[in-house]
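> for reference, the sequence and a predicted model appear below.
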Amino acid sequence: MELELKRGGRTARVETLGGELVSYRDERGLEYIWGGDPAYWPGRNPLLFPIVGTLKEGKIRFDGREYAMERHGFARRREFTPAARGEDWVRLELRESAETLALYPYPFRLAVEQRLTDTGFSTAVTVANPGEGPLPFCLGAHTGFRCPLEAGERFEDYELVFPERESCPTLLLRDGLLDRPAALPYLEDTDTLPLDYRWFDALDTLIFEGLRSRSVALRSRKSGRGVRVSFDGFPMLAFWTMPGKKAPYLCIEPWHGCAAGTAEGPEFTDKAHCIVLAPGESRTLAYRADTL
């Protein structure tokens, strides 16, 4: 089921399947969110919970017992329940079920608030632990933005612009696993990266950890239009488009967690940037997109 949000001439649509915001249009009616064309990538804006990326052989241990889980977790394929809403916001919730307990043996409360702002939209995700023991999880966003946005532009007309000059390697994926020792020097005292499909054809995903910047702009060098994504609270940031497709979108992905490392231990709590909530505790992570 889709729910429509409106604010000052801007509109958004939120899908209860996965709790994701699947459309954002500005006052001109310009769409910013990738439409999910299966010829390139059928996703649009999935929420990644309780894992980000791939597990070793698709399996993980919770308290010594082995479980199987698909890439990026199960939340994106679950139906969320609308819990509250206004004209320009909605809060959707997901909790454990027999199906999730077979994959992830914990009670949990996952709430997603999608909200229109004066200049774009925000997504706030709250994870709460209603159980009697610790609740470990990872969380990530995977928002696909149309790129190019305007007719007559190309993917290569766009650039990524950081507010701080950055010197940071990109972490490399080997068969879906993060090979930290093989990190590749990439951002070298710069605040700008012109987009090029060759990055993704060669590396699949650009993955940065420890950036000083807490936002990044995807901006057209021709029109100046684009979107700025703010990701304070997320220790990692990734960029992705389907390799080999010359696909007209770019995913900007704040992560609190990542694919299994090649040298990672077998327990879930061995994962980098894993969050562990005590009984009764909750944690909110939020990001926002502002149009340029």
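Everything's here; your move. Numbers count the residues shown, from 1 in each chain.
> quick check: the gap between residue 269 and residue 63.
9 Å (Cβ to Cβ, to the nearest Å). C-beta: built from backbone N, CA, C; applies to glycine.
> check residue 248 too.
44 Å.
> okay, the two: which has more neighbours?
residue 248 (17 against 12; other Cβ atoms under 10 Å).
> ok, the more buried one touching residue 40?
Yes: the pair residue 248 / residue 40 is scored as a contact, 7.4 Å apart, by Cβ atoms under 8 Å.
> so which residues of the stretch 51-200 of the chain form strands?
59-62, 65-68, 81-86, 89-95, 109-116, 120-128, 135-137, 139-141, 143-146, 158-174, 177-194 (DSSP state E, counting those that start in this stretch).
> tell me which of those strands lies nearest to residue 263.
strand 177-194 (7.3 Å; Cβ to Cβ).
> tell me which residues of the closest one come out buried.
177-178, 180, 183, 186-187, 191, 193 (16 or more other Cβ atoms under 10 Å).
> and which of those residues is nearest residue 257?
The nearest member of those to residue 257, counting by Cβ to Cβ, is residue 178 at 10.7 Å.
> what's opposite the closest one in the beta bridge?
residue 173, residue 261 (DSSP bridges).
> and what of residue 229?
residue 216, residue 289.
> mind checking how far it is from residue 239?
With Cβ to Cβ as the criterion, residue 229 and residue 239 are 10 Å apart.
> try residue 228
Residue 228 is 14 Å from residue 239, by Cβ to Cβ.
> returning to that earlier point: would you format the buried residues of strand 177-194 as TSV with distance to residue 258 included?
As requested, the buried residues of strand 177-194 are arranged in TSV below (distance: Cβ to Cβ, whole Å):
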residue	distance to residue 258
177	10
178	6
180	10
183	13
186	16
187	18
191	24
193	20
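> tell me the two of the residues you listed that are most distant?
Farthest pair in the buried residues of strand 177-194, by Cβ to Cβ: 177 and 191, 30.2 Å.
> was I right to think residue 93 contacts residue 84?
No: contact status for residue 93 versus residue 84: not in contact, 9.2 Å apart, counting by Cβ under 8 Å.
> tell me which of the two has more neighbours.
residue 93 (17 against 11).
> in the sheet, who's paired with that one?
According to DSSP bridges, beta-bridge pairing links residue 93 with residue 81, residue 111.
> same check, this time on residue 116
Applying DSSP bridges, one finds that residue 116 bridges with residue 121.
> now swap in the one 10 residues further on and tell me
Beta-bridge partners for residue 126, by DSSP bridges, are residue 111, residue 284.
> okay, now it: neighbour count?
16.
> same deal with residue 13?
16.
> and the gap between it and residue 187?
On the measure of Cβ to Cβ, residue 13 and residue 187 end up 34 Å apart.
> same thing with residue 146?
Residue 146 is 24 Å from residue 187, by Cβ to Cβ.
> with residue 155 instead?
For residue 155, the distance to residue 187 equals 20 Å [Cβ to Cβ].
> before we move on, what about residue 167?
For residue 167, the distance to residue 187 - Cβ to Cβ - is 6 Å.
> quick one, what contacts the closest residue to residue 291 other than its chain neighbours?
Nearest residue to residue 291, sequence neighbours excluded (Cβ to Cβ, 6 or more residues apart in numbering): residue 120, at 5.2 Å. Residues near residue 120 by Cβ atoms under 8 Å, 6 or more residues apart in numbering: 24, 227, 288-291.
> ok so, going back, which of the strands of the stretch 51-200 of the chain is buried the deepest?
strand 139-141 (a mean of 26; mean count of other Cβ atoms under 10 Å).
> thank you, goodbye.
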